[in-house]
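> sequence plus predicted model, see below.
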Amino acid sequence: MSEKAVVIYSGGMDSFTVLNLAINQGYEVLALSFNYGQRHVKELDYAKFVCAELNIPHKIVDISAINSLLAGSSLTDDIEIPEGHYEEDSMKSTVVPNRNMILLSMAVAYAISSEATKVFYGAHSGDHAIYPDCRPEFVEKMKAVCAIADYQATDIVTPFLHQSKIEILAKGLELGLDYSKTWTCYNGREKACGKCGACQERLEAFKLNNQTDPLDYE
């Protein structure tokens, strides 16, 4: 029997690549998505479609009731999404307070109850500038805690922690992945805005891989 692994799957291109990487590595994957009241909840439709297509177990957990505890972020509050690159200070408004610790805690609980030994999530080096919960020191501490938080140790796996979105896309293209099945834009409108940090980083990754992004932009 294959080793089980929970993959935190947002529906974006990073977690889409991580999901497929885990499948390719032979894990029995359990996909886990969260509705935490994010403005770009549209990403969950993409996650649902991909998991149905791959025929893998997929849970979408509605934790939007805690949205009032996650105030102050432009992703969950009535604050305008900033435009510009992730390296700009203005993008700090997209930080959701303690998001990854919350999501990882629930993913680890699901892993333990499902007898999965690993939890994968898509932190990468491009996130390090503004997202503290994607930095190596955070991952290190979470790995240590999750190894002793229950009778069953759970390993936190971040295959792209020291790689950029450019390198993530290169790996996905190598795997033959179709990125039209992913949503990245922080604005959950009909088309991607092309101006928020998430869109700019995505477009940059496609450009530097000599590829055209299959998504439609405003």
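Cool, the structure landed.
> G194: neighbour count?
Burial of G194 is recorded as 17 neighbouring residues (other CB atoms under 10 Å). Heads up, the C-betas are built off the backbone N, CA and C, glycines and all.
> with the one 10 residues further on instead?
Here the number of neighbours of E204 (other CB under 10 Å) works out to 17.
> need the contact list for it.
Contacts for E204 (CB atoms under 8 Å, 6 or more residues apart in numbering) come out as K165, I166.
> buried set for stretch 114-122?
Using 16 or more other CB atoms under 10 Å as the test for burial, stretch 114-122 gives S114, A116, T117, K118, V119, F120, Y121, G122.
> ok, now stretch 171-189?
Using 16+ other CB under 10 Å as the test for burial, stretch 171-189 gives 171-173, 177, 179, 181-188.
> stretch 25-42 now?
For stretch 25-42, a neighbour-count test (16+ other CB under 10 Å) marks 27, 29-34, 36-40, 42 as buried.
> which other residues reach stretch 32-46?
Contacts of stretch 32-46 (CB under 8 Å, 6+ apart): 6-12, 47-48, 58-64, 66-67, 70, 74-76, 81, 96, 99, 102-103, 106-107, 110, 181-188.
> and the longest strand seen in the chain, which strands flank it?
In the chain, assigned by DSSP state E, the strand with the most residues is strand 28-35. Strand 28-35 sits in its sheet next to strand 4-8 (parallel), strand 58-62 (parallel), going by DSSP bridges.
> go through those and pick out the most buried.
Of all the strands paired with strand 28-35, strand 4-8 has the most neighbours on average by mean count of other CB atoms under 10 Å, namely a mean of 25.
> show the average pLDDT along it.
Here strand 4-8 scores 98 as its mean pLDDT.
> just the residues contacting it, thanks.
Here strand 4-8 makes contact (CB under 8 Å, 6+ apart) with 15, 18-19, 22, 27-34, 103-104, 107-108, 110-111, 114-122, 157.
> these in strands, which ones?
In this view, the contacts of strand 4-8 that belong to strands under DSSP E are E28, V29, L30, A31, L32, S33, F34, K118, V119, F120, V157.
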